[in-house]
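Peer 1: Let me see the structure of the following:
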Amino acid sequence: MTTIRPCRDDEQPVILRIINAAAEKYRDVIPNDRWHEPYMAADELAREIASGVIFTGAELDQGLVGVMGRQEVLDVDLIRHAYVMPGVQAQGIGSLLLAHLCAQTSRPILVGTWAAATWAIAFYERHGFRLVPREEIASLLSRYWSIPDRQIETSVVLTRP
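Peer 2: Now for the predicted structure:
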């Protein structure tokens, strides 16, 4: 049975392990100049948490196996850093996390992801999100995220009003 619960401060190493293991799927899919090794470093995770990203985790018998963050920014909530361990993907864990986070807010929700990550886009579309028109993406990414121009060029935004 999967338990959805807030992540604790002392679980940052586990959160990082989940993010970096699951992010391997993006290797050779996102632009090479945007790939980092590791995909997320510990200091980056700490900065994300300090900036208001609140992580929720999915726990099975073996411990945390999935994480998803939510961040309130201006008038929207952002879904941030949604990852499930490779060995337990496609078992509904991401869906449980997303449903849980969506139920916590009545504000519009935005998700940014890599344009080439078709599986991620399809996941969010299955859950009622829709792609934002291309001409609106740069403005949304600049307003609600702090990412480099190159990442803006290679990303999409989905919304769930």
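Peer 1: Can you show me the CA trace of the longest strand along the chain as PDB?
Peer 2: Of all segments of type strand in the chain, defined using DSSP state E, the longest is strand 63-73. The C-alpha trace of strand 63-73 is given here as PDB (Å, rounded to 0.1, in the frame of the first residue of the first chain):
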ATOM      1  CA  GLY A  63      10.500   3.700   2.200                       C
ATOM      2  CA  LEU A  64      10.200   6.800  -0.100                       C
ATOM      3  CA  VAL A  65       9.900   5.900  -3.700                       C
ATOM      4  CA  GLY A  66       8.500   9.000  -5.200                       C
ATOM      5  CA  VAL A  67       8.500  12.800  -4.600                       C
ATOM      6  CA  MET A  68       6.600  15.800  -5.900                       C
ATOM      7  CA  GLY A  69       7.000  19.400  -4.900                       C
ATOM      8  CA  ARG A  70       4.400  22.200  -4.800                       C
ATOM      9  CA  GLN A  71       5.400  25.800  -4.700                       C
ATOM     10  CA  GLU A  72       3.100  28.900  -4.300                       C
ATOM     11  CA  VAL A  73       4.300  31.600  -6.600                       C
END
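Peer 1: Can you list the strands that it pairs with?
Peer 2: When pairing is defined by DSSP bridges, strand 63-73 lines up against strand 54-60 (antiparallel), strand 76-84 (antiparallel).
Peer 1: Out of the ones you listed, which one sits most buried?
Peer 2: Greatest average neighbour count among those goes to strand 76-84 (a mean of 21), per mean count of other CB atoms under 10 Å. In this view, the C-beta of every residue, glycine as well, is placed from N, C-alpha and C.
Peer 1: who's in contact with that strand?
Peer 2: 18-19, 21-23, 40, 48, 53, 55, 58, 65-72, 93-94, 97-98, 101, 105, 107-112, 120, 144-145 (CB atoms under 8 Å, 6 or more residues apart in numbering).
Peer 1: same thing with stretch 14-22?
Peer 2: 7, 38-40, 42, 45, 55, 57, 63-67, 81, 83-86, 89.
Peer 1: how about 7 Å then?
Peer 2: Stretch 14-22 has contacts (CB atoms under 7 Å, 6 or more residues apart in numbering) with 7, 38-40, 42, 45, 55, 63-64, 66-67, 81, 83-86.
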